[in-house]
Each structure stands twice: as structure tokens, then as C-alpha cells.
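# Okay, predicted coordinates and the sequence, questions at the end:
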Amino acid sequence: MNCQLILYDTDVIVDENILESNCLYYRINTEKLAYQELSNIIDEMIPYCLRPMNISKILFRNLTNTNSQNLTFEELRVSNVSTQELLAWSAPIDLVEKYQVYLNDIDLSLSNELFYNCTPPWFGLQCQYSFAFSEDMAIADVVENEFNIKTSYLESTGILIQQLPCYTHIKCDRGGTFLCLDWREVCNGRIDCIDEGLDEAFCFDMELNECEENEYRCHNGLCIPEEFWENGFGDADCLDRSDEFADVLYPNSCFQDPAFRCEEHSCRTNWHDFPCGDGQCVQKFDECHNGRHLLLIQSISNQGYLSDKCFIAMMCLTQLIKEIRGTVCETLFRNYFIYEFIKHCDPIFQFPIIPVHSNHIRFLYENISLKSDSNLLIIPDYVCYDEQLCDCLNSTFFYENLTCINSSELYLTTSISGHIWIDMILSIESYFRSCINHRIFFNKMNKYENQTLLLYQCNNSSKLISKHRIFDENIDCCMSDDENDKLSCQPTSKHRIKCINESKCLSSLHTHDDCPFTENQLEKKISFSKICDGSDEFLFKDLNGKIHTDESQCNYWPCNNMYSQCDGFWTCPNGKDEENCFQTGCQSETYACISPYNYSLICLSSQRVNDGIDDCLGAMDELRSCRRLYPSEKNPKRFRCQNSSLCLSSMELCNNIRTCPLGEDEDFCDKNRFMCQQISNFNRTIIEDILCRSIDNEKNRIIHFSIHTSSNYPQSETNTINEIIQLKQEKSHIQKHIRSEKISYSLSWYCNRGLTLRLRSEYENNERICMCPPSYYGDLCQYQNERVSLTLGLVRAERRNVYVIVIMLIDEEETINSYNQYEYIASQSCGVKLNRYLLFSKRTKNMSKNYSIRIDAYEKHSITYRGSWHLSIHFLFLPVNRISALLYMPFERTPILYNCFPTCINGECVQYLNKNYLFCRCFSGWSGIQCDTKLNNCQRCSSDSICIGSINDRSICVCPTMKFGPRCLLTSVCPKNACQNNGQCIPADISVSDSHYSCICSDHYYGPKCEYRKGQLDIYLENLNIPSFLSAFFLTISNESEPQLTIMIQKLTLFQRRVTFRISIPYNLVIVELNRKYYLAVIQSIPNLDLSTSINPSQECLSIEILFNSTLMAMSRFQRIKFYHIPCQTNHDLNCFMDKFYLCLCTKDRHANC
């Protein structure tokens, strides 16, 4: 890891257009193993910069530095100091490049430029900065330390952060003195700005948006590439997270996480949807780690015209607070003073004085002092609303221009969470969700009424919704007709899930299975070990509609098999699968357990096992119920309490805590010790040993596919590995050097989501200032920035190429607002997802402009232009434009065309790779729509680089191989013999990379330095027709996970009978496909690096359609699989067989293993 803090953008000309300076780049690199040694990579870059309201106040401050040595450029040159040494000393990159200019030209005007040699932890042009909470000199450690020391409000003394970040780029009264708008509350489906409702004013336009055929439509109407939908990377790509699996939990630690997965997402509409402001989403009034929920409570704490005692009473009745103005709420309730206080309320009054939902739903109370039940005092008598927006409700009461309905007609639910006020608010939000969101809707009614193909009109209402909102678990219409499953297949989205034998299609938002059998379930591969294992886990229908389970029709299933043996559970009625597993003192066909009466050993008859009657302590003879309730626990819960459905794990026995209602988990214990812990293994009595093993044996159960009962093929002469294959480990940017001591709550949040710096100045040696990430700005990073958050997937064309990807945010005049560069080494990954920020050049962005993203690709070695992509930015009214795209690198250069209009003057006419748009790609040193504007500062780029634009009078340079830096003036060279075995060395930008170089390896080697040899598998084809190509499926098998599959394809020549594969991972099983048939090529329990094998007709894995008769084939596949042991038992020459879902091996016992 780099141990330097290298600042960027220190050499800026300060004017009103400069919004940031003095930047440090924090890189997050997450890898997930995908194919052999290659990973899928998420690469994220977060620049932490000074982004104050007035940047000149910091940059032009008088600094004092009496502690650091300063040297002129001439003195550095005389001392033979190199630019690499300056970087190692944490010199700012702009200064280092300026020094390189001096070395190149001996420019006398630069000879007296000063370099300050800082003493760690100080850094900066004049050593003026150090971090407040870390003395590390690596930005990754600094960021991780600062976020790890942030204390949750829940662990604090109740002090709230001084100022939580706000989105201030639209006019908004959020309803309280302290509560401000969070960007995630814009276009969230309800009005949060109670004044003019500008947070929802333009959002209906998103309802009309449709996506391309190869895209997934997010629930809010935005689009992402179809490949990103539930792609297993672990991070959502939709702004509203609607591309995640329905059961993915919200990240709960966002207050300590600065990454995209927290910062660049809003809340899902059908889940906990109150944004805490940092990526955490909770139910309204639930606790946020950063304390934002308190501001929500404070927003209803405005007394208005209410008398003091009435206000105190109402606030206490909400039960959101414990004390107000010196009055302890509990005292009011305990002594019935609450009735005295409410006598001071008016006969009719509104509480709270702000709307409880949207900007028009209000609570009205009438004659509250006459009510006798204290639990009902807080329930309003009337709920008032805007009659035009809620045009399908029947009003019952009018009060001072308010249209109201009696609350008894709303059937307000007060038993969701056990908190009456919160439950009422949730009920109100659900009920009034059917209202039209904004009055601006009526101004555009003519525009919307013609969109019948895209919109659905609610019954008895003028409200229109997108057809994609039909049957999505959100009631959007007052008659609930949008949740009619008969309409659910109307949207043409192929990402809906169709129910079997029903005209019902589920939205991807569904969090529970609303149809018992879906086509997705039908396609699901149930683990072979789960079938006929004694526990009902799956339901399915046969072709006649009859319901079956995975435990029915098991007559042809051997109960004593490799997956049932010695797991502590009797799968066989006579217990044969548990015989000889461990010594119990009981005879065959009896079950060893403990008497619940005298805690002695009993040998239970096999007829009394699994008979529905508890005969043993902990119901250990009736394990089915606990396995059904807790099917897949890390610590299996198999001890069932007497007369209860509560099941305990072995770790909960004899732990001095009486967990069972009758206490039998402790009553039988000897000396109250933790008997089932591993340390007690050798000191247990036979009674204790039987009980612990009965529970814990299941931990040793083979859950995933295993080959330990299969014979090796080809037969190995030795069981030793002839050379270890080095497995690449999955990695992410892990936290380390974590500061263990805690600091004060308020200090840890001083810069909100930014980094806290100490500034050394003439006034104060430890003045605190803030470095903000792109999503924030302000002196304390207290304002949320307008931005584009971009996710790019990169797909390589040529494995050995290195590309430079230049990402630019531009307007219609081709003015560059911000940019990013990334060096893409294609051979080092399977797929890459880049997370990058792009900022607008102004705060606030110019809404009259059309912004877009242009991406250029260059070959690194020769800086040859390859092509460009164009990404439109729709819905500019959104605070965060979340854009996702998948880019396929072109095999060759984009062709030059000649029909651009207007014509290209100093450039060439090309077409975007992803659109039928033509544009002028300018030659180096030129810009503009026609490439007719000379870039005056391109001389700052090195002569062997190209200059593609400028921003804030700074040139944008694209560097060739072995050059780096903003101006491409610095040289990065590979050490001698850096890459072994003829690997190609690629120098890296040492200022931002953890490594000084990368290696592109030949096909025979892999590893960071190409130091590892790949394994070689030779396959000989015997008595088989030679195909044009051959596919090999390599499976790596582990009891910790499902088999890892690697697919390799080889072309064959006309008479080629020997095929060679080179592979960098250990493998246990190889299946070869040729001419649409499959053959078993390798089974090896212990992987060998090099292996030779052959395949012939006897190794074919026959199709189940050949092995089974028409009667069996007519069954549903879940019925048919119960007969899969028969082919192995009746055909002793059969090695394997397969169907659409399973590959099955025949074991030594002639059982099927699939």
C-alpha cells in the first residue's frame, strides 16, 4: 500500500469557478472470484477535497511553518533528488511535475520554487495539513480510521450532531427548525416540502419513462443495463435499490461506510423508507445511527397556538419523547395528570400544527377532554386533506377550509409495532398514498391523458400511475384496483415473475411469494441432499395440480446415503444411517437418548422414533419439528423445550440461563458448566456426550455436492498433489489499523461524512477544516452536492490490451464540467464495474442546459483512439443522476465518416458506439462542437501525450505507457525482471496505485508476477467423431459451498484427437461436451496440477430421456427425481447421467449423486 499522502489540484487559480482544491484520492477495490484466477472487480474512486463555501479563505490564509525544512528546486537538483523521491516524501503532484519541468529545461524562473520537506503526519504544499484522528500516511487508512471512530447516536449520551447534511438546491420548508431536506426525499412518492412541494413537482415525468429491450426498468422509472439486474456483485445499481433481491437487507452500518452502496442510493418505496441521510433507511421514527430521527420528532414539536399544558400532554401522548419542558411524561400517566393537562386543549384543535403526511394531511381533535380511555386520546377524531388531490374520498366534515373524514372510517391500524402514534402515521401514509401527489399534475393533465399505453387510471379517481406500478405491493389507487392480480401481467416487462397456472405476474418489488408456485421456483435447482432427508422444505405441484413435498414418494430413495449418514438424525426408520457413527452403548435399531424424567441413558425402540411423541429429553427422538422450524442454522437448534415449539442449540444448554419455559435446558446439567463447548469434549459423561453429539453432528453433515463416494477417473497412482495450485483469494478493501480508542460523539461527526484536517496557520496551530467527498460540500461538509454518480461495466475485446478510459460530463456546447480517467488492463479481470463521480461546474447546476456523459477509449501503448460512447442524462431535476451503462470495448478503431453537420474543422467525424449519433472528435489541442476552438494550455501536457480538453484552465492530458501525472510529465518504469516467465510489465501511476506495475501473463502462467504455472489437462478422444470445438466444464468441489464452475472452450483441427487445457484453479470434476453429448473426463478427490485422461462412448453421461420410460418422463421433474437412483442400480456400466438441471454420478454404492 502507498504510504504517501499525495495531494492533487493544489496549483489552482482561485476564482469563483473553482469549487474544489487540494484533493486526496481514496480507492476502494473489491474483488469476487469469477473465472480461474480472474475476478469481477468493483473499482471505486472517491476524491476528498477542500470544498468550502469560499475557497479563497483557506487557500490564501497566512500559514506558518517553522518546523519543516524547505529547499529550492535548484538545491534539490544539485542534491540529485528525483521526482520519485519527492512523491515518496508526499510532495503534491503539481509541485512534483513542476520540478520535472525544471529538470527537463533548467527553467531559471522555477529555480527558487520551494519544496517543503514535511515531517509526518504533516503534509501539503507548506506542510500545513495533518489529520485530526490519524497519523497514518496512507489515505485508505485515514478514511477507514475516521469512519470507524464515528459513534452511533444509539451509543451516545443523547447529544445530536450539530448540523446534519442538507440538500439546499431547491426551496423547501421541511417542517421544523432543524429538519432539512435530504436528497433522497426528492421524488420519493410523497411531498416532504410542506410549503410548495417542490421536491415532487416534476417527478411524474419519470412515470412515463420506458427502457430499451436490453435494459431493466427500476421501480422509479430509471433504467440500468439488464446485465446489472441482480447480478450478484452485491451492490444495487438502481437509485431506489429496486434491482436488488427482495430479501436483501439494507446496509445498517452506513454511518461508518463512505462507499457508493450507501451514498448513492435512496430508500425502496415498499420497505423502511425514512432516509437517515447516509444510506441507512428506517421505518418512520425508528432510530438512525446519526440521529436524524430526532429531527423528525422535533419537527412535530412546534407548539403553535396550543396552550402549554395541552402541548405537553399531546407530545407525551405520542410516546416519542420521555420528557418535555421539565415534565416527565411517565409522571403524567402514572398519576393521571394527563387528564388535567388535556382540559387546557381547545374543543377543536390541530396537532401537530404541521401536516403528518405529504403537505396536506392533518390530524384534528375534538372534545379530547371528554374521552376516558388514555390509550385512545392520541387517536384523532378527524383526518383532513386536500379534496382536489384525494378526489375519491367521501368527506364527512369541514373545518376552516379543511376537508375531513372521520378517523373511524379509515380503520387506522394501531397494532403494527405496538407504538400507537407510529402505527397511525404508517396507516395514514398507506391510506393516503392513493391521493394525487402534486397540484402541478392537473396542469399537465392533457399531456398525460394521451399516454394510455404507459399509464393506468385508478377507478373513481383522476389519478394516473405507471402500468409498472400495478401489483407491486404498494396500493396507489384508493380502490386498491392497482393491486388486482388480474391486471398484473399487463406491463410487458420481462422481469416480472409469472405464476404457474395463474394469470398473475409478480413485480420485482415483492418481498414475499404471493403465488405459491412461480416459474422461477420451477427452474430452481433444489439441492440433491435435501430430497427425502426427513424434513419437508419444498412444495410442488404435479401435472394434475396435486401438492407434493420433497419428502413424499420416497419409496425408491435409499435412506442410508452419503448425505444422510452420521448427521444425528434418523432418516431411515431403523436408524441404519446412524449406525457405527459413535459409541452409545445401545444395540442396533435402538436410539440412544436421555430420559426426561431421571436424566439417564435410555435405548429407545426404533418404532418410537419419529412417531410424534416426545420420549427423550429435548425431544431428540422427534427432530423433524426443529429441523422444519430451523432448517439451516450455523449452530443447529435441535433441542426442543418441553410443551413448546422453542428449539435451542447446543451452545444454549448448561449456560446458566434458563431458556426453556420449564428450565429443563439447565436442570439436567452437571455442575452448570458449558458442556457442549469444544473445550469440554474429553470431560463429558456418556449422557452429555450423547446429547451434544446428537445436536452437533448435523454440523458435519454433507450439505453440498461431494464426490467422496465416487471412484477416481482416471485411476491415480498416487493421492498426493504433484504441485499446489495457488488459489487467488477474494479480497476487498479491508479495514485495518483501526483506532481502538473512542472519541466524543460530536467530534467524530465534526465534518459529517468528510475527513477532519488540522490546519497550521498564524492564528491557530490546530484549526479544524474539512475535506469533503464529491457528494458533499461546505465548511463542515454540511451540504449535499448535485452530482452524477456513474457505474460503468467494462467488457474487454482483446485480452492483452491496456485501455485508457476518459469519462467526461459535458453540456450541449461540449464544455467539460468534470472528468475522470481509468486505466483498464483487460487481462486482470473477468469484468470491471467502475463507480465514479462527476460534478457540475456550478452550484446550482444550470437547469436550462442539456448535460450528457461522453466516454472515450484509447489504447494505452500508442494512445490510439478506439471509440466513444454517449450517455444521456434525463430528469435533471433529480439531485443525484444515477447512471449505469455497460461498455463493450471495440475490436478495432471506430471508422471515420464524412457526413457530420456542421463539419469538423480540426477533427474527424465518428459515430458513437452505442448510438446512431455523429460527432466531431477533436484532434489534440482542439475543442468545440466543430473542433474550431484552440486549447491554449495544451503546452502543459508532455509532448508524447495528447491533449483532449481543458477544465478551469487546466489541460486534460492522456498519457502513454510509462507516463503519469495530470500533465503526463512523470515517468513510471518497471523494475528489472518484474514479471517472470516472459510476462509483459505495465507501469502504473504510482501516485494512486497500490502497486508500481502490473503484469500481463502468457497463457501458461498467472499470478501478480506471472510466477505460478497453470495446470495442464490433456484429454484424448477415443472412438469419437472429432468436432470443430470442444467445451470442458471444470468443477471445484467444497463442502463449504456449491461447486465452482469454470467453462473452457477449445477449437479442434480436422484430425486432432488430443486437446490440452491450461487452468489456474484446482478442480475435482471435468465434464466434456462435444457434438451435443456429455462425457465424464475426470473425477479426482485430491486435485492434481497435471493430468492426462481420455473419453470414449462408455464415459458418456446419458440423458435421462434415454434411461427412463414414458411413464416416468410424463411426471413433473420433482416427482421424477425421486427415481434417479434406479439407473445406477440397474445399469452397472453407467458412470453418469443428466437432465436439464442435474448432473448425476453413479457412486461406488450404485447410488445416484447429483
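All right, it came through fine.
# When you work out contacts or count neighbours from here on, use the C-alpha atoms and nothing else.
Noted.
# domain assignment for the protein?
295-434, 451-521, 581-697, 973-1009, 1014-1100 (automatic domain parsing).
# quick one: which of those domains is nearest Pro773?
domain 973-1009 (16.4 Å; CA to CA).
# Which one of the domains of the chain lies nearest to Cys262?
Of all those, domain 451-521 sits nearest to Cys262, with 19.6 Å by CA to CA.
# How far does that closest one sit from its chain's centre?
26 Å (CA atoms, centre = their mean, to the nearest Å).
# same deal with stretch 1108-1123?
The answer for stretch 1108-1123 is 40 Å, by CA atoms, centre = their mean.
# Restricting to C-alpha, output that stretch in PDB.
C-alpha atoms of stretch 1108-1123 as PDB (Å, rounded to 0.1, in the frame of the first residue of the first chain):
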ATOM      1  CA  PHE A1108     -36.400 -43.500 -18.300                       C
ATOM      2  CA  ASN A1109     -39.600 -44.800 -19.800                       C
ATOM      3  CA  SER A1110     -42.500 -42.600 -21.000                       C
ATOM      4  CA  THR A1111     -44.400 -43.100 -17.700                       C
ATOM      5  CA  LEU A1112     -41.600 -41.600 -15.600                       C
ATOM      6  CA  MET A1113     -40.900 -38.900 -18.200                       C
ATOM      7  CA  ALA A1114     -44.500 -37.800 -18.000                       C
ATOM      8  CA  MET A1115     -44.100 -36.900 -14.400                       C
ATOM      9  CA  SER A1116     -43.200 -33.500 -13.100                       C
ATOM     10  CA  ARG A1117     -39.400 -33.100 -12.600                       C
ATOM     11  CA  PHE A1118     -39.800 -33.000  -8.800                       C
ATOM     12  CA  GLN A1119     -41.700 -36.300  -8.900                       C
ATOM     13  CA  ARG A1120     -39.300 -37.800 -11.400                       C
ATOM     14  CA  ILE A1121     -36.100 -37.100  -9.400                       C
ATOM     15  CA  LYS A1122     -37.300 -39.500  -6.600                       C
ATOM     16  CA  PHE A1123     -36.500 -42.300  -9.100                       C
END
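# Quick one: mean pLDDT for that stretch?
Across stretch 1108-1123, the average pLDDT comes to 90.
# which other residues reach that stretch?
Here stretch 1108-1123 makes contact (CA atoms under 8 Å, 6 or more residues apart in numbering) with 531, 540-543, 550, 553-554, 556-557, 1105.
# Swap in 10 Å and give it another go.
The contact list for stretch 1108-1123, computed with CA atoms under 10 Å, 6 or more residues apart in numbering, reads 522, 526, 528, 531-532, 538-544, 548-558, 1104-1107, 1124, 1126-1127, 1139-1142, 1152, 1154.
# now stretch 413-431
Contacts for stretch 413-431 (CA under 10 Å, 6+ apart): 190, 283-286, 317-320, 356-358, 361-362, 375-376, 378-380, 383, 407, 410-412, 433, 474-478, 480.
# which ones among those residues are found in strands?
362, 383 (DSSP state E).
# Turn the domains of the chain into a markdown table, columns for mean neighbour count, distance to Asp932 and mean pLDDT.
Converted to a markdown table, these look like this (neighbours: other CA atoms under 10 Å; distance: least, CA to CA, whole Å; pLDDT from 0 to 100):
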| stretch | mean neighbour count | distance to Asp932 | mean pLDDT |
| --- | --- | --- | --- |
| domain 295-434 | 17 | 51 | 89 |
| domain 451-521 | 18 | 43 | 79 |
| domain 581-697 | 18 | 67 | 81 |
| domain 973-1009 | 18 | 32 | 86 |
| domain 1014-1100 | 17 | 50 | 93 |
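# if we compare those, which one ends up closest to Gly965?
That would be domain 973-1009 among the domains of the chain, by CA to CA, at 7.3 Å.
# Who are the contact partners of Ser152?
253, 255-256, 288-291, 745, 748-749.
# of all the domains of the chain, which lies closest to His1132?
Among these, domain 1014-1100 sits nearest to His1132 (CA to CA), with 11.5 Å.
# First-to-last residue distance for that closest one?
27 Å (CA to CA, to the nearest Å).
# about what we covered before: nearest to Arg893, out of the domains of the chain?
domain 973-1009 (22.0 Å).
# quick one on the thing from earlier: please pick the buried ones from the contacts of stretch 1108-1123.
Buried by 16 or more other CA atoms under 10 Å: 522, 526, 528, 531-532, 540-541, 548-551, 554, 557-558, 1104, 1107, 1124, 1126-1127, 1142, 1152, 1154, out of the contacts of stretch 1108-1123.
# Right, I'll call it a day here.
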